[in-house]
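S.K.: Sharing a model that was predicted from the sequence below.
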Amino acid sequence: MGNTHSSQKELVKKKETIFKNEVYRIPALFYNRDENILMAFAEKRTNEDDSSTEALVMKTGKVKKEEMEVTIKWSEQKTLIEKCSHRPMNPCPLYEKNNKTLFLFFIRVEGECTEQWQIDNNHNKARLCYVKTTDNGQSWSDVTDLTDSLVEIKKWATFAVGPGHGLQTESGRLIVPVHAYVSKSSNSRAPYAVSLYSDDEGETWKFGTMLKNESLECQMAEYFDHSGNSLIYCNARTKGRYREEEISDSNGEDFSKLSCRKNLVETKGGCQGSVVSFPDQDGITGRESSQNQNKWLLFTHPSDKSKRSKLGVYVNKSPQDPSAWSAPCVINCGFSGYSDLAYIDEGWFACLMECGKKNYTEQIAFEMFSYNEVKQAIKK
């Protein structure tokens, strides 16, 4: 099951523009399946530079599911967090199901200070924050700043959350994907992915153990093996030729590398990707049972090896085997950047993506597709 360029298949779907006419980057997506509502988030910028972020914005979409089709009616755009002395970046939504509370994690970075300046000077200017809502984004709490309560941050050159969604495990643990730059020597710093987690519905937070291999922006997903054991899968951006894939049997506190066999190619220069778990679709008829545990993974990432182009969808039916990923099904054949996924139920997925005709920063668009459509496209 290779994912080489020659084996790519296209899935032609109509995309809907969600954020456009200014510069928007860094999509994040959450689906409230109890109320059939999607929430889309992004950074609003004055230009393409990371240092130009001015606000975090959002739209909500009401999902209407019919027999063979899913339609979305989107709201007007709303500004959530505006730049003051610090600019807001990297939206990362995370839902706590017991209290029906959506946390939106993000970082605040001082002034126009760049990530590279922080790394070069070993001086962190980022702060770890969140706001939360219990009414699907109609109202939000004040900002909570966790920076000073987590001693690890004081040792880092800089860090970021996500971007894209976090997760709540079946056991109730909340997990925020993070990567941070740490000192390897007096003049060398390297990035490593790590989980930020809470076992008390978001009252207190702790960091897990960093991945052993260098790793950047990441996302995590929970799946269950054939014995019903919960495992946390981490998929991270790298500076090399392949994605970093690691697994945790400790509910995301620490991770170990999967086998050395690799199949997910990293785009030249690296790019963020998104991953979700979903129920085994073999033999499913009608509505999925709530007891039907997530056993498969779906991943989106630019499938072109040399540039951010051709956003591919990959499926893995055996997540502990990194060679089991399918060939990519291309859902955007042009310029493609960051993306975020949400599973809608009954084999349907939502994807928020950076894309454009001349550059991947032209717009953030939304697309729906089903597992059956992907299956037919890759003929698996």
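M.R.: Right, received. Where do you want to start? Numbering: from 1, shown residues only.
S.K.: Name the residues linked to residue 355 by a beta bridge.
M.R.: For residue 355, the beta-bridge partners under DSSP bridges are residue 336, residue 363.
S.K.: Just list the residues touching the nearest residue to residue 361 once chain neighbours are set aside, thanks.
M.R.: Closest residue in space to residue 361, ignoring its immediate chain neighbours: residue 48 at 5.2 Å, by Cβ to Cβ, 6 or more residues apart in numbering. Yep, even glycine has a C-beta here, placed from its N, CA and C like the rest. Going by Cβ atoms under 8 Å, 6 or more residues apart in numbering, residue 48 touches 23, 25, 361.
S.K.: Could you point out which of those residues is nearest to residue 54?
M.R.: Using Cβ to Cβ, residue 23 comes nearest to residue 54 of the contacts of residue 48, at 9.4 Å.
S.K.: Look up how far residue 124 lies from that closest one.
M.R.: 26 Å (Cβ to Cβ, to the nearest Å).
S.K.: and residue 131, what element?
M.R.: strand 126-133 (DSSP states H and E).
S.K.: Can you list the helices and strands that that strand packs against?
M.R.: Where contact means 3 or more Cβ pairs under 8 Å, 6 or more residues apart in numbering; DSSP states H and E, strand 126-133 is packed against strand 101-110, strand 144-145, strand 158-161.
S.K.: Looking at the ones you listed, which one is packed in the most?
M.R.: With neighbours taken as mean count of other Cβ atoms under 10 Å, the helices and strands packed on strand 126-133 reach their highest mean count in strand 158-161, at a mean of 26.
S.K.: Could you count how many residues lie near the residue nearest to residue 354 when sequence neighbours are not counted?
M.R.: Distance criterion Cβ to Cβ, 6+ apart; nearest residue to residue 354, sequence neighbours excluded, is residue 337 at 3.4 Å. Look at residue 337: counted by other Cβ atoms under 10 Å, it has 24 neighbours.
S.K.: Could you do the one 3 residues further on as well?
M.R.: The burial count assigned to residue 340 is 32, neighbours taken as other Cβ under 10 Å.
S.K.: could you point out where the stretch 51-200 of the chain is predicted with low confidence?
M.R.: Along the stretch 51-200 of the chain, the model assigns pLDDT under 70 to residues 67-68.
S.K.: same thing but at 50, please
M.R.: Along the stretch 51-200 of the chain, no part satisfies pLDDT under 50.
S.K.: Which parts of it are strands?
M.R.: Ranges of strands in the stretch 51-200 of the chain, per DSSP state E, counting those that start in this stretch, are 53-65, 70-74, 78-82, 86-96, 101-110, 126-133, 144-145, 158-161, 167-168, 174-185, 188-198.
S.K.: Of the ones you listed, flag the one that's most buried.
M.R.: Using mean count of other Cβ under 10 Å, strand 158-161 ranks as the most buried of the strands of the stretch 51-200 of the chain, with a mean of 26.
S.K.: can you tell which of the helices and strands packed on strand 126-133 is closest to residue 306?
M.R.: In terms of Cβ to Cβ, the element of the helices and strands packed on strand 126-133 nearest to residue 306 is strand 158-161, at 25.2 Å.
S.K.: How about the secondary structure of the residue nearest to residue 361?
M.R.: For residue 48, the assignment made with DSSP: H, G, I helix; E, B strand; the rest coil gives coil.
S.K.: now swap in residue 377 and tell me
M.R.: helix.
S.K.: burial measure for it, as a count.
M.R.: So residue 377, with other Cβ under 10 Å, has 21 neighbours.
S.K.: what do you get for residue 150?
M.R.: Neighbour tally, residue 150, other Cβ under 10 Å: 15.
S.K.: any idea how far residue 198 is from it?
M.R.: Relative to residue 198, and taking Cβ to Cβ, residue 150 is found at 12 Å.
S.K.: Identify the contacts common to these two.
M.R.: When contacts are counted by Cβ under 8 Å, 6+ apart, residue 150 and residue 198 are jointly contacted by 205, 206.
S.K.: mind listing what residue 101 touches?
M.R.: Per Cβ under 8 Å, 6+ apart, neighbours of residue 101: 95, 132, 133, 134, 201, 202.
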